[in-house]
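Chemist: starting from these lines, generate the structure:
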Amino acid sequence: MALAQEDIQFIKDHLGSWLAEQSLGKPPAVYEIELRERMVRVEEELKHQRELIKTLIEQMDKRFDAVDKRFDSMQKQMDQRFDALIRHIDRFMIGSFATTLTVGGLVHRCGNPETVVSLTRPGAYRHRSSGRAWPGLR
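Modeler: This is a model prediction of the structure:
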């Protein structure tokens with residue numbers, strides 16, 4: 001069933017007043033003022049929320065900066081510790097190398113199992129069986 005043009009015009013003319021009656025019987029002007037007041041309150045609340053968000057973002061930035069500083073200081077401490085460890089290992093390796101060369105030199109110089117090395121008398125390299133000094137071991 002289609003509406004006649006007169007019915008459509010009648011609905012358009014009275015729709016505003018019907019809606020105003022449904023809003024507790026207030027006239028359209030009062031209803032419009034209430035809507036504007038609500039819009040103003042909503043806009044003010046949105047502005048307040050925006051300010052709160054800006055404040056929170058600033059606080060988060062400060063916290064991230066503090067964490068970055070802490071990580072930088074921890075990185076510097078770790079670098080110092082690794083440098084100290086590397087120096088310690090280098091000294092140990094040099095000492096081990098020197099010890100290895102010294103022991104290797106003693107083994108080479110006194111490579112004959114018949115050679116007796118006296119730790120109490122330097123230069124006393126003697127053959128066990130004959131007791132004679134080895135040539136060139138003085």
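Chemist: give me the distance from stretch 74-89 to the chain's centre.
Modeler: Offset of stretch 74-89 from its chain centre (Cα atoms, centre = their mean, to the nearest Å): 19 Å.
Chemist: can you give me the helices for the protein?
Modeler: For the chain, the helices defined by DSSP state H occupy 5-22, 28-109.
Chemist: got the angle between the last one and helix 5-22?
Modeler: This means helix 28-109. Using axes from the mean of the first three to the mean of the last three Cα atoms, to 10 degrees, the inter-axis angle of helix 28-109 relative to helix 5-22 is 70 degrees.
Chemist: got any ranges where the chain has weak pLDDT?
Modeler: 1, 20-28, 108-138 (pLDDT under 70).
Chemist: cutoff 80 now
Modeler: For the chain, applying pLDDT under 80 flags the ranges 1-4, 7, 15-31, 105-138.
Chemist: name the residue closest to the centre of the protein, please.
Modeler: In the chain, the centroid-proximal residue (Cα atoms, centre = their mean) is F71; its distance is 6.4 Å.
Chemist: ok, now how distant is it from R63?
Modeler: With distances taken as Cβ to Cβ, to the nearest Å, F71 is found 13 Å from R63. For every residue, glycine as well, the C-beta is placed using N, CA and C.
Chemist: try L85
Modeler: Per Cβ to Cβ, L85 is found 33 Å from R63.
Chemist: likewise F97?
Modeler: Between F97 and R63 the computed distance is 51 Å (Cβ to Cβ).
Chemist: next one: I57
Modeler: 11 Å.
Chemist: ok, now H48?
Modeler: Computed as Cβ to Cβ, the H48 to R63 distance reads 23 Å.
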